[in-house]
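In: Pasting the sequence and the predicted model now:
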Amino acid sequence: MTEKNNPWDIFENGADGSASHLKRSCGILMPVFSLPSPHGIGTFGAAAYEFADFLAASGQSYWQVLPLNPTGFGDSPYQCFSSAAGNPYFIDLDMLVDDGLLTADEVQKSDFGGELRRIDYGKLFSLRLPLLRLAAERNIRRNAAEVEQFSRCCSTQIYDYAVFTALKTHFGMKPWTEWNAGKAMPKQLVPAEFVESQADEIRLQLSIQQLFFKQWNRLKNYVNQLGIGIIGDVPIYVALDSADCWANSRHFMLDESFVPTDVAGVPPDYFSPTGQLWGNPLYNWETHASENYAWWAERLQCAQKLYDVVRIDHFRGFESFWAVPFGETTAENGRWLPAPGMDFVNAVKKRLPGLSFIAEDLGFLTPEVHELVKNSGFPGMSILQFGFNPDANSDYLPHRVAENRVYYTGTHDNAPIMQWFAEASEPERRFAEQYLALNTAEGINWGMIRGGMCSPAGIFIAQMQDVLGLSAEGRVNTPGIASGNWQWRMLPHECSAALAEKLREYTRMYGRLHDCGEINYGHNTVVPREYCSKNADTQKRYKLLVRAAAEYLDSVDN
């Protein structure tokens, strides 16, 4: 792919031939796991197509998602077993029924939790994975050629994940650092005959991945046909217990026993007196540089197949990174170490000239970090709710946000606008009310969205929870809190036609409208026009889900 034929280049040249700038547009941040579903978690099924129709009807240009990779024991999409493979939880069960890989009875027998607003990951692990394994086994028998083709053509990183997962299953889900009688067993120390003995399980894992990418590619193609791009997310770091680290241990700061010498985090600040200790292994940048960043290029090529635009998390870590000695309980005793900076950026841009990037440049910033973002040419990020310092000098205020920025009401790490407003200090609230003329008649959330929409920022992204006007119940993640995160779910009828019309009017008013033609959007049917299941049991389950959601809201209101 080159810049010339990339329809998702986020830049455009001025009408007078002036230098390129961000196309004025907007989108919605909505995690896939938060989509409505009768099976406990959002998937690539009917509700995803319906949400795409909602985006089109409301004039949006982008759907931003969180990482789509397989999550580990903390359920965080930023601590995954692989940075390239797909999360099996997102495979839609009803589509598997329609494809003849599961029966409706097999799906109906499973109870994935009755809480419509929250995901029960424990039930997903114990009940959903066995169903997916059953479907994958049937997929191997019935669609052998497709599975074989996928296995031959998939990336090395996805194949590594299949082997890693097969071995991890064999060792009772223990981390790879304990496979060898309590010691580490990286890829280079695994006997070839042992890998061969796991051939059936490896094939099954590849079959699951084939189902994931088949459903995702179908959905992404539909979204793209509406003229909407997918903004994906690539975390800068990977987990220690991941296929990435297991298969490429030389690329990380590990000792001779494959124990991290230092781990990732951020230093203490006003919000966190002891800093944040993330615990990820850090990169051995000398090794990466000696190989011209080939591992990173392959990783981003995998992202290019998933997304149209890639947000790189913690971009400042490419200038310098906070290294905390392994074993520390806080991030206080870390130190800054240099990263490759523009050497890395130039190598990536050369290998992937057609991929658009967004640099997440929030947090502890220095002049050197600002210079790196500027020289990279990647747009940075600004957060609306960070702007209301009563001194009125914040660069996050709407009138001060630069054109080459992607402006958010908040990210997955921030409170929804309504929660932020309720918990903000009195001076912050008063300033926001004065600055944006906030009022309950319009809605505090809509006044804030208006502020972001009218800013000079090229791209504006609102969290779906902010469009819905949700408060604390809609928060996705609270950094530093170990439990209760990544669980929020939208109800099936909340994306109403009236809401799409209202969002479209705000989008049009501030010159960000993407018009993809007539969209007959609404809730007259329980599944969208593109994906209409022929299975009566499937349609019945969606009707019951819509009814249950209505009853849930009635109970909350009363």
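Out: Here it is on my side, so go on. Numbers count the residues shown, from 1 in each chain.

In: mind listing the helices in the stretch 351-500 of the chain by residue range?
Out: Ranges of helices in the stretch 351-500 of the chain, per DSSP state H, counting those that start in this stretch, are 367-376, 417-423, 426-436, 444-453, 464-468, 497-509.

In: and what of the stretch 51-200 of the chain?
Out: 93-98, 104-108, 121-123, 129-142, 144-153, 156-170, 192-197, 199-225.

In: could you dump the ones you listed to CSV with distance to Leu503 and mean neighbour count?
Out: In short, each C-beta sits where N, CA and C put it, glycine included. Listed next are the helices of the stretch 51-200 of the chain as CSV, based on distance: least, CB to CB, whole Å; neighbours: other CB atoms under 10 Å:
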stretch, distance to Leu503, mean neighbour count
helix 93-98, 28, 23
helix 104-108, 33, 16
helix 121-123, 31, 15
helix 129-142, 35, 17
helix 144-153, 38, 14
helix 156-170, 36, 21
helix 192-197, 51, 10
helix 199-225, 17, 20
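
In: mind checking which of those is nearest Lys23?
Out: Proximity to Lys23 (CB to CB) singles out helix 199-225 among the helices of the stretch 51-200 of the chain, at 16.0 Å.

In: which other helices and strands contact the closest one?
Out: Judged by 3 or more CB pairs under 8 Å, 6 or more residues apart in numbering; DSSP states H and E, helix 199-225 is in contact with helix 46-57, helix 129-142, helix 144-153, helix 156-170, strand 229-234.

In: Dump those to CSV, plus mean pLDDT and distance to Ala402.
Out: Listed next are the helices and strands packed on helix 199-225 as CSV, based on pLDDT from 0 to 100; distance: least, CB to CB, whole Å:
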stretch, mean pLDDT, distance to Ala402
helix 46-57, 97, 26
helix 129-142, 97, 45
helix 144-153, 96, 42
helix 156-170, 97, 35
strand 229-234, 98, 19
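
In: Now tabulate the ones you listed in CSV and tack on distance to Asn180.
Out: Below are the helices and strands packed on helix 199-225 laid out as CSV (distance: least, CB to CB, whole Å):
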stretch, distance to Asn180
helix 46-57, 41
helix 129-142, 26
helix 144-153, 27
helix 156-170, 11
strand 229-234, 31
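
In: Tell me which of the helices of the stretch 351-500 of the chain sits most buried.
Out: helix 464-468 (a mean of 25; mean count of other CB atoms under 10 Å).

In: Show me the contact partners of it.
Out: Contact partners of helix 464-468, identified using CB atoms under 8 Å, 6 or more residues apart in numbering, comprise 28-30, 34, 409-410, 416-418, 445, 448-449, 474-476, 488, 490, 494, 499, 503.

In: Report the rounded mean pLDDT for that helix.
Out: For helix 464-468, mean pLDDT is 99.

In: okay, the residue nearest the centre of the chain: pLDDT?
Out: Computing the C-alpha centroid of the chain and ranking residues by CA atoms, centre = their mean puts Leu66 first, at 0.9 Å. pLDDT, Leu66: 98.

In: now swap in Val526 and tell me
Out: 36.

In: please begin residue numbering at 57 from this point
Out: Sure, I'll start counting at 57 from here, so that last one is Val582.

In: so where does Gly96 fall, helix or strand?
Out: Assigned by DSSP states H and E, Gly96 belongs to neither a helix nor a strand.

In: Check whether it really touches Phe181, as I assumed.
Out: No. Counting by CB atoms under 8 Å, Gly96 does not reach Phe181; the two are 10.7 Å apart.

In: Of the two, give the one with the bigger neighbour count.
Out: Gly96 (24 against 14; other CB atoms under 10 Å).

In: residues in contact with Val203?
Out: Asn195, Ile196, Arg259, Leu262, Ser263, Gln266.

In: Now Arg486: closest residue in space, sequence neighbours ignored.
Out: For Arg486, ignoring the flanking residues on the chain, the nearest one in space by CB to CB, 6 or more residues apart in numbering is Pro446 at 7.7 Å.

In: again but with Tyr562, I slipped
Out: Nearest to Tyr562 is Met509, by CB to CB, 6+ apart, at 5.6 Å.

In: Next one: the one you found relative to Thr563, how far apart?
Out: To Thr563, Met509 is 7 Å away according to CB to CB, to the nearest Å.

In: Also Thr233?
Out: 49 Å.

In: Could you do Gly514 as well?
Out: Distance, Gly514 to Thr563, using CB to CB: 14 Å.

In: Ser450 contacts Ile439, doesn't it?
Out: No. With contacts counted by CB under 8 Å, Ser450 stays clear of Ile439, the gap being 10.0 Å.

In: how about stretch 406-417: buried residues?
Out: Arg407, Leu408, Leu411, Ser412, Phe413, Ile414, Ala415, Glu416, Asp417 (16 or more other CB atoms under 10 Å).

In: what's the first-to-last distance across that stretch?
Out: End-to-end distance of stretch 406-417 (CA to CA, to the nearest Å): 22 Å.

In: CSV please, covering the helices of the stretch 407-556 of the chain and showing distance to Ala191.
Out: Formatted as CSV, these follow (distance: least, CB to CB, whole Å):
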stretch, distance to Ala191
helix 423-432, 42
helix 473-479, 39
helix 482-492, 49
helix 500-509, 40
helix 520-524, 29
helix 553-565, 34
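
In: The ones you listed: which one's closest to Leu152?
Out: Leu152 lies closest to helix 520-524 among those, at 26.3 Å (CB to CB).

In: Quick check: the gap between Ala303 and Ala448.
Out: Ala303 is 51 Å from Ala448, where distance means CB to CB.

In: These two - which one has more neighbours?
Out: Neighbours per residue, other CB under 10 Å: of Ala303 and Ala448, the larger number sits with Ala303, 22 against 13.

In: Spit out the contact partners of the residue nearest to Ala513 when sequence neighbours are not counted.
Out: Residue nearest to Ala513 in three dimensions, not counting chain neighbours: Tyr463, with 3.6 Å by CB to CB, 6+ apart. Residues counted as contacts of Tyr463 (CB under 8 Å, 6+ apart) are Met437, Ser438, Ile439, Leu440, Pro454, Val457, Gly508, Ser511, Ala513, Ile515, Phe516, Ile517.

In: go again using 10 Å as the cut-off
Out: 82, 435, 437-440, 443, 452, 454, 457, 507-509, 511-518 (CB atoms under 10 Å, 6 or more residues apart in numbering).

In: which ones among those residues are found in strands?
Out: Counted as lying in strands by DSSP state E, out of the contacts of Tyr463, are Cys82, Met437, Ser438, Ile439, Ile515, Phe516, Ile517, Ala518.
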